[in-house]
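S.K.: 3D model of this:
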Amino acid sequence: MLVIGTSGWQYRDWRGRFYPADLAQAHWLEYYAERFATVEVNNAFYRLPKRSTFEQWRARTPDGFCVAVKMSRYLTHIKRLNEPAEPVARFLGRAEALGDRLGPVLLQLPPTLRADTDALIETLQRFPRDVRVAVEPRHSSWWTDDVRRALEKHNAALSWADRGGRPVTPLWRTADFGYLRLHEGRAHPRPHYGRTALKTWLARIEDAFDAEPVYVYFNNDHGAAATDNAETLVRLAKT
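M.R.: As a prediction, the model looks like this:
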């Protein structure tokens, strides 16, 4: 089961491309949620929203809508996964206000952070079992059997990632759900993805997963490429 959306929804250059030119920005989330099943909230990485903000997002979205949330950089980039108890508790204390809208939590690691399996395990242990966690390492030292086993043991998904139409992570299945981030395509106009690239990703997902949910987020926001590609992938998945 594919759950398709974009990484964020508040981009000024989407006005007139995705959002109607006369639609107030205060109503963009409602408009977005009528067209996609999920969104990945990136701004939580830079500044963790108040609990009331998460409550408002829940109230403004329909039943069944899913909000994935990127973990605060305080844990991943400043603490570098060390002493995770307080950052995780503070994050969840706010994000859990989404209630049944809360989807996976994304841990995107710094590209300079080398593999530290013990720190990863300690971090994953801080999340309740009913909270889905996806991990996006960005240093090649993480591609080891020990890391894969740690993700599998804690039912944490390795976040697959694409840049330039090619995978930049191993295509490991480590959990009972999948997570894919599409950062930049090579089709015209860039950073769009072409239909061939999208069909290739659909085939990879079908090879690895059956009926399990796979969350797919387009992070190529410039020029509303993300919404264009998300709409195309939704159509391709139905054929």
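
S.K.: quick one: low-confidence parts of this protein?
M.R.: Within the chain, no stretch has pLDDT under 70.

S.K.: Let me see the ranges of the helices in the chain.
M.R.: Per DSSP state H, the chain carries helices over the ranges 28-33, 43-46, 51-60, 73, 85-95, 117-125, 145-153, 195-208, 225-238.

S.K.: Could I get these in CSV, plus columns for distance to Val105 and mean neighbour count?
M.R.: Quick note: C-beta positions are derived from backbone N, CA and C, even for glycine. Shown next, in CSV, are the helices of the chain (distance: least, Cβ to Cβ, whole Å; neighbours: other Cβ atoms under 10 Å):
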stretch, distance to Val105, mean neighbour count
helix 28-33, 20, 18
helix 43-46, 9, 16
helix 51-60, 12, 16
helix 73, 13, 17
helix 85-95, 7, 17
helix 117-125, 10, 17
helix 145-153, 14, 16
helix 195-208, 21, 15
helix 225-238, 21, 19
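
S.K.: Could you save those as JSON lines and add columns showing distance to Gly165?
M.R.: Below are those laid out as JSON lines (distance: least, Cβ to Cβ, whole Å):
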{"stretch": "helix 28-33", "distance to Gly165": "25"}
{"stretch": "helix 43-46", "distance to Gly165": "25"}
{"stretch": "helix 51-60", "distance to Gly165": "32"}
{"stretch": "helix 73", "distance to Gly165": "27"}
{"stretch": "helix 85-95", "distance to Gly165": "32"}
{"stretch": "helix 117-125", "distance to Gly165": "28"}
{"stretch": "helix 145-153", "distance to Gly165": "25"}
{"stretch": "helix 195-208", "distance to Gly165": "5"}
{"stretch": "helix 225-238", "distance to Gly165": "12"}
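
S.K.: Thanks a lot, see you next time.
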